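J.: With the sequence up front, the predicted model follows.
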Amino acid sequence: MKVSVVVCTYATERYDDYVEAVESLLNQTYSPLEIVLVVDGNETVFERVRSEFGDNSKTVIHCNDDNRGISYSRTKGAELASGDIVAFLDDDAIAAPDWIEELVGVYESTDAVAVGGRLAPEWLVDEPDFLPSEYHWLIGVTPRGFADHMEEVRNTYGSNISFRRDVFLDVGGFDENTGLKADSKVQAHEAPVCLRVREKTGKGVVYNENAVVYHKIFDYRTDPWWLVERAFWQGYSKRVMDLVLDEDDDGKEEYLKQLLGTFIPGRMKELVTGPSVAKLLQLLSIFVFTAAVGFGYLYGLATPNNRLIESSE
C-alpha cells in the first residue's frame, strides 16, 4: 500500500521548520512512501525546496502560480500524488518515525476510508501554567477527552489526517472556502471534506492515538490574548460551518456536556484537595476560553447570513 504525504508551505520565515517536517517523513519506518511538496505561490521558497529535495526519488515538488491557500494546495498535492493513501502534515510539525506505519496498520486491518492520529505538543517555549489540556485544540494539539483509541470521529486535525486517495478526490478534496487564506477568519478546514466522505461512504475518521505528530508551539501561541482571540474566531467559524454545511454534527453539545459535567467539576475537586496557583489559573482559563467561543458564535448569529458565507470565501 503506497502512501503519499502532502506538505504545503508558503512563508519564507517558516522554511527551516518546513525542512524539519520533510526530514521527519524521509525518516519514516514505512515504505513505499511518496512526499509531495507544494509551495503556495512563493517562487523564492520553491527554488530552495527544489534545490534541497529535488534530487530525492521520494519527492514530488510543485509551486502554485499564485497564493491559493492551504485547502487548494493540499487538494492539488493529492491530485499530484500517486499513493493509495494520501496523508497531510503541516509545515510546523514533526512526524514520529512510525507515524505512517501506524496509519497504514489501521487501513490494513479494517475497512477504514480515513484515519487520523494524535497531535502532541512540541514546546519551543515553556508550557504556560494557565493553559488547560481541555483547550489544547487552541494551539493545534489534540485536547483532553478528544476520543478513545480506534474510535470513529467526524474528523481529526489537519496535520494528522489521511484518506484513501480515490475517496478523497471523488468528494472534491478540501473546500477552498475554508482553511487559512488571505484575511479570512474562518478556521474550519477538515470538517467539510470529512462530512462529504461520511455522506458518500457512511464512515467517519478512525482515530489511532498511537499515530503521533508533534506540533511546534511557538511563543506567540502561548500569549493569553492570542488564545482568547483564537477561541473567539473558532466560535465564529462554528457558526459559519452551521450555515455552509448541510449537516454539521461537530459535537458542540457533547463537548459542552463533557466540559461542564466532567472536566470542570473534576478540576474544582482537585483545586480543593490540592490547591495551587496553576490549577486555579487553568480553571479560570476554561471559563474565559469557553466564554470567548460563545461570544464568537453569538457574533456569528448577529452577522447577516450572506456576510457570514462571504467571510468563508
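T.: Thanks, I have it.
J.: Going by C-alpha atoms from here, please, whenever you check contacts or count neighbours.
T.: Will do.
J.: I'd assumed Thr12 was in contact with Asp40.
T.: No - assessed by CA atoms under 8 Å, Asp40 is found out of contact with Thr12, at 11.0 Å.
J.: Compare these two (neighbour count), which wins?
T.: Per other CA atoms under 10 Å, whichever of Asp40 and Thr12 has more neighbours is Asp40, with 24 against 13.
J.: wait, what's in contact with that one?
T.: Neighbouring residues of Asp40 by CA atoms under 8 Å, 6 or more residues apart in numbering: Cys8, Thr9, Tyr10, Cys63, Asn64, Asp65, Asp66, Asn67, Arg68, Gly69, Ile70, Ser73.
J.: Check the gap between the last one and Ala81 for me.
T.: Using CA to CA, to the nearest Å, one gets 12 Å for the distance from Ser73 to Ala81.
J.: Which one of the two is surrounded by more residues?
T.: More crowded of Ser73 and Ala81, by other CA under 10 Å: Ser73, with 27 against 22.
J.: From Val6, how far off is the more buried one?
T.: Using CA to CA, we find Ser73 at a distance of 9 Å from Val6.
J.: so what sits against both of the two?
T.: Taking CA under 8 Å, 6+ apart as the contact rule, Ser73 and Val6 both touch Val38.
J.: by contact count, what packs against the longest helix anywhere in the chain?
T.: Determined from DSSP state H, the single longest helix within the chain is helix 277-302. Contacts defined by 3 or more CA pairs under 8 Å, 6 or more residues apart in numbering; DSSP states H and E place helix 277-302 against helix 224-244, helix 264-273.
J.: any idea of the angle it forms with helix 264-273?
T.: Relative orientation of helix 277-302 versus helix 264-273 (axes from the mean of the first three to the mean of the last three CA atoms, to 10 degrees): 150 degrees.
J.: starting at the chain centroid, how far to helix 277-302?
T.: Here the centre of helix 277-302 is set off from its chain's centre by 21 Å, with CA atoms, centre = their mean, to the nearest Å.
J.: Just the buried positions in that helix, please.
T.: 279-280, 282-286, 289-297, 299-300 (16 or more other CA atoms under 10 Å).
J.: What are the phi and psi values at Val212?
T.: Reported as degrees, to the nearest 10, the phi and psi values for Val212 are phi -110, psi 140.
J.: you'd agree it is up against Ala96?
T.: Yes - using CA under 8 Å, Val212 makes contact with Ala96 at a distance of 5.7 Å.
J.: More neighbours: which of these two?
T.: Between Val212 and Ala96, counted using other CA under 10 Å, Val212 has the larger neighbour count: 22 against 19.
J.: show me what contacts that one?
T.: Contacts for Val212 were tallied using CA under 8 Å, 6+ apart; they are Ala95, Ala96, Trp99, Gly117, Arg118, Leu119, Ala120, Asn160.
J.: So which of those sit within helices?
T.: Among these, DSSP H puts Trp99 in helices.
J.: and the contacts of Val212, which two are the farthest apart?
T.: Across the contacts of Val212, the longest distance by CA to CA is 12.3 Å; it joins Trp99 and Ala120.
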